[in-house]
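In: Make a model of this:
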Amino acid sequence: MKTYRHLLILFFATFLITNLNAQEIGIKGGLNITFFIVVEGDFGTNPDTETGVYGGIFADFEFENNFHLQPEVIYAGVGELNLINAPIYIKYDATNTFHVLVGPSLNYFFDLFANNFKVRADLSFEYDFSSDLNMHMKYTFGLEELSPNILFIGLGYRL
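Out: Model (predicted):
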């Protein structure tokens, strides 16, 4: 039943983004590395990481020369951690092929926290191999004590 709920949320978000008359729409996916910090009494801080995969969609709206609004909806899974990451980026075209994206992200964690909804900060870099294919790397910062940081590395394809 939980899988159906996850798919329904992803389908709804996809429907919303694809019907907003975006200048570009695309898909993205890749590998994510989740960083947990565990404090174990007298043993100090122990960093712990887990690796998983993600996939999602994005839309791109240019509103000023070299500046864009780029919302995304990504479903990520790693071990017991499943989440929907929905950043709302301001994208700056540093060059024709290199882009810097920054903005808040709305995150919904399935079955991990009592408070499943968290607002986080995202920083991302994209490099265009062609007009359709790019590579991206983004880091999602947890702004709360019990919120893991996540590194996303993957490919995007403009449809």
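In: where do the helices sit along this protein?
Out: 2-18 (DSSP state H).
In: Can you list the low-confidence ranges for it?
Out: For the chain, the stretches with pLDDT under 70 are 1-22, 37-47, 111-115, 144-147.
In: Against Glu24, how distant is the most centrally placed residue in the chain?
Out: Taking C-alpha atoms, centre = their mean, the centroid of the chain lies closest to Asn85, which sits 4.7 Å from it. Relative to Glu24, Asn85 is positioned 20 Å away (C-beta to C-beta, to the nearest Å). Every C-beta, even on glycine, is put in place using the N, C-alpha and C of the backbone.
In: Could you give the bridge partners of Gly77?
Out: Taking DSSP bridges as the rule, Gly77 bridges to Val53, Asn82.
In: unless I'm mixing things up, it is touching Val53, no?
Out: Yes. Taking contacts as C-beta atoms under 8 Å, Gly77 lies within contact range of Val53: 6.5 Å.
In: show me where the protein has strands.
Out: For the chain, the strands defined by DSSP state E occupy 24-39, 45-64, 67-78, 81-93, 98-110, 117-128, 133-141, 149-158.
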